[in-house]
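**Q** fold the following for me, if possible:
(chains A and B)
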Number of protein chains: 2
Amino acid sequence: MALVPPHGGGQLKPLLLEGSALDQAKQKAAGLKRVDITSREACDCFMMGIGAFTPLDGFMGKADWQGVCDKMQISTGVFWPIPITCSVGDEEGVSVGDELALYNDEFGGLIALMKVTEKYEIDKKHESKQVFGTDDTEHPGVAKVMEQKKFNIAGPIQVLSEGGFPEEYPGIYAKPVETRAIFEEKGWTRIAAFQTRNPLHRSHEYLCKIAVEIMDGVIIHQILGKLKSGDIPADIRVKAITALTDNYFVKDTIITKGYPMEMRYGGPREALLHAVFRQNFGCSHLIVGRDHAGVGDYYGPFDAQTIFNKLPEGSLEIRTLNIDWTFHCYKCGGMASMKTCPHGKDDRLLLSGTMVRKTLSEGGNLPAEFSRPEVVQILQAYYQGLEEKVEIKLHGHATGDADKK
Amino acid sequence: MALVPPHGGGQLKPLLLEGSALDQAKQKAAGLKRVDITSREACDCFMMGIGAFTPLDGFMGKADWQGVCDKMQISTGVFWPIPITCSVGDEEGVSVGDELALYNDEFGGLIALMKVTEKYEIDKKHESKQVFGTDDTEHPGVAKVMEQKKFNIAGPIQVLSEGGFPEEYPGIYAKPVETRAIFEEKGWTRIAAFQTRNPLHRSHEYLCKIAVEIMDGVIIHQILGKLKSGDIPADIRVKAITALTDNYFVKDTIITKGYPMEMRYGGPREALLHAVFRQNFGCSHLIVGRDHAGVGDYYGPFDAQTIFNKLPEGSLEIRTLNIDWTFHCYKCGGMASMKTCPHGKDDRLLLSGTMVRKTLSEGGNLPAEFSRPEVVQILQAYYQGLEEKVEIKLHGHATGDADKK
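**A** Predicted structure coming up:
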């Protein structure tokens, strides 16, 4: 048995330059037109840089954009669920044929070089409706599309940076070639990826453990890019996940890694994108639970599972591991799901996100059936820190330092 | 998606006669030589009768026997792990060309008609070593091979009976064509079979529930044929399993059925046979836990899992769902396995079979973390009944009725 092949059937295609090629490209950048890109666009450069978006070799042209929106295919016929695009306005004065240096100051400046092969306008509402199922700008993914500038520019890129992720997340940040090497070294071929942007409570632990029971191993795969406000920041999440895996998982059944993408909250279509790049990372399966990559009430709780059934044969090599809504049931005497627990609502421990946040920020305890005490402790400290900051601000003593973390 | 095809790639091949063909065959039997067969042989007839042993059309000849022993293949190249044979002695005076009526009085008399195409001697030690990995006659499967008569007879059979199983196990006994119809009606294609000859404790429930979480459904598939002494009788087992599924499983995620085979306790090779006929019953997966179909210390605890990795590609369409040794762990706060629980022996609830039997026969309670109270109640009643029978015997008041159950 071998690892699942990269998406599209060829080799991994990392666009990150190294060594002297990198040095030369940086020198060249100094003489090129500078274009500032958004954090989402920068993160897509990083994903292409490490080969996570194999087989893409740059930002998409109009035909690819249209194909992806309407039939989830780029022009070569390869499956792709969400447009990977870059936009500019009139003010940048970009023309086809230009070579650009793409910058983003949040990520340390120079990100990539790009050769512009196409400049085109899109119907943003069409993209939003096709990809997100809505054009409501309250949806954070739609909002980002709507904020895009007038033109999309397409063309191959060379990536010159990893955006500081390797330094900020040592031991967590990993490229597809690295996770593949880890799997090979461990002799794993059946590997489930667990996508998360949150610390893991017992319901998530249960999803991972079901996968551990029947697979060679599981990768808890955290998104390291920007989240919407209200989500737990990445460093706290990493700490909380480590506390869980150290105390409640068997060594060598699970690894924790992260990738430099920005959430789009695209529900079903984003689940498909998650599957695409997990295949590049060498995973044979993606765990898809309730409301995967969703936000608000835009998606049905299991839309992200059923969408996989509608793909043409051969779209993806990776498979899903679909799991129902999970919780602790006192009558079952353990974790269960709607598929395995026949008991009633009153027998189950169900807490809303709001209730959890309220309890934690008041320094209260979550029941051990909901969250492991080692995890709760870390979250309590985080939420109480937040409260204190708010109080300091209210009393007019806020400092720049207190606002960073 | 469709159900997994029957083994061998063709249609189900049930050898049971029905209607006027059955009546004619019964009349014909009256004029044929009567040969009495063992309960194991009779059960193999029933399995062929319902098509569970598709694509076999009778007892195996020498070439098939040899191929199955040495390379797990019948002469057509189809995968088969355990010889399905019938034996006679000199005293039966059977010759090639004879038509026989096969009888077994434990199963109501007439079982099948057989056309003898071959009569041959075998090396029983060779079969035992190849199939059971030992020729120790303490092994109950080996003992049965060693007790076989001098010659094996081969040839196609017509089956005239279901051995009383449909009447004895209404709602439980089911033919492959019936389980397939149930799966189709439910729209299930991913179905895991759980093999059992025992009532289900929580460790077994956990195996089944892992499968429910990720499959369309699970069939608890009980062996209804003769067991070794000390095993719980089938009627008690059925009651105990029903108590479990009624109270702890979601309706329409699990069905309970049974099949008319006799255990061989062949460990890994029997696990393969279990897979072969589960495929005929329409199952896409077979759950293989610790010491599947084993007895004593003859097999390593996971030999029945690893043997599947050694089969030539295409041997079977059915796949295994391998699960490690499972138990309740107090630190995990639920069921777990060696793969998901990182804690120590002292944190786990581990009871030996001997300890369980002792506790139950003394009317004691098993912890709810080991077995569901509804199940314990049924087993307590059974074991206490046994005790009383022993006492009645010791006092010289045993009656025929008390001995039946």
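
**Q** near chain B, which residues of the stretch 201-350 of chain A are found?
**A** Counting by C-beta under 8 Å from any C-beta of the partner chain, the stretch 201-350 of chain A comes close to chain B at A:209-210, A:212-214, A:247-251, A:253, A:321-324, A:332-342. Bear in mind the C-beta positions are built from the backbone N, C-alpha and C, glycine included.

**Q** just checking, next helix/strand downstream of the strand or helix carrying A:Ala336?
**A** Using DSSP states H and E, A:Ala336 falls within strand A:334-337. Under the assignment DSSP H and E, the closest C-terminal helix or strand after strand A:334-337 is strand A:348-349.

**Q** which neighbours does that following strand have in its sheet, and in what orientation?
**A** Strand A:348-349 has these partner strands in its sheet, going by DSSP bridges: strand A:326-329 (antiparallel).

**Q** OK, contacts around the one residue in chain A that gets nearest to chain B?
**A** Closest approach between chain A and chain B, counting by C-beta to the nearest C-beta: A:Gly334, at 3.2 Å. For A:Gly334, the contact set (C-beta atoms under 8 Å, 6 or more residues apart in numbering or on different chains) comprises A:328, B:333-335.

**Q** what is the burial count for the residue lying closest to A:Ile223 once chain neighbours are set aside?
**A** Spatial nearest neighbour of A:Ile223, chain neighbours left out: A:Arg197 (4.9 Å); criterion: C-beta to C-beta, 6 or more residues apart in numbering or on different chains. A:Arg197 sits with 17 neighbouring residues when counted by other C-beta atoms under 10 Å in any protein chain shown.

**Q** now A:Arg197. Its backbone dihedrals?
**A** The phi/psi pair for A:Arg197 (degrees, to the nearest 10) reads phi -120, psi 10.

**Q** list the neighbours of the strand ranked longest in chain A that are in contact with it.
**A** In chain A, assigned by DSSP state E, the strand with the most residues is strand A:151-159. Contacts with strand A:151-159, where a contact means C-beta under 8 Å, 6+ apart, come from A:15-17, A:25, A:45-46, A:48-49, A:57-62, A:64-65, A:85-89, A:94, A:100, A:102, A:111-122.

**Q** buried ones only from the residues you listed, please, as a PyMOL command.
**A** Applied in PyMOL, the following selects the buried portion of these according to 16 or more other C-beta atoms under 10 Å in any protein chain shown:
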select buried, chain A and resi 15+16+17+25+45+46+48+49+58+59+60+61+62+64+65+85+86+87+88+94+100+102+111+112+113+114+116+118+119+120+122
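
**Q** what subset of the residues of the stretch 201-350 of chain A next to chain B is buried?
**A** The neighbour-count test (16+ other C-beta under 10 Å) applied to those identifies A:209-210, A:212-214, A:248-250, A:253, A:321-324, A:332-342 as buried.

**Q** how is chain A divided into domains?
**A** A:19-164, A:166-382 (automatic domain parsing).

**Q** chain center to the first one: distance?
**A** In this view, domain A:19-164 has its centroid 17 Å away from the chain centroid, taken as C-alpha atoms, centre = their mean, to the nearest Å.

**Q** hang on, the earlier thing: output the contacting helices and strands for the next helix or strand after the longest strand of chain A.
**A** Moving toward the C-terminus from strand A:151-159, the next helix or strand (DSSP H and E) is helix A:165-168. Using 3 or more C-beta pairs under 8 Å, 6 or more residues apart in numbering or on different chains; DSSP states H and E, no helix or strand is in contact with helix A:165-168.

**Q** just the residues contacting helix A:165-168, thanks.
**A** For helix A:165-168, contacts defined as C-beta under 8 Å, 6+ apart pick out A:46, A:173, A:224, A:258, A:260.

**Q** in the longest strand of chain A, what's buried?
**A** Using 16+ other C-beta under 10 Å as the burial criterion, the residues of strand A:151-159 that qualify are A:151-155, A:157-159.

**Q** turn those residues into a markdown table, including pLDDT and distance to B:Val295.
**A** As requested, the buried residues of strand A:151-159 are arranged in a markdown table below (pLDDT from 0 to 100; distance: C-beta to C-beta, whole Å):
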| residue | pLDDT | distance to B:Val295 |
| --- | --- | --- |
| A:Phe151 | 98 | 74 |
| A:Asn152 | 98 | 68 |
| A:Ile153 | 98 | 71 |
| A:Ala154 | 98 | 67 |
| A:Gly155 | 98 | 68 |
| A:Ile157 | 98 | 64 |
| A:Gln158 | 98 | 65 |
| A:Val159 | 98 | 60 |
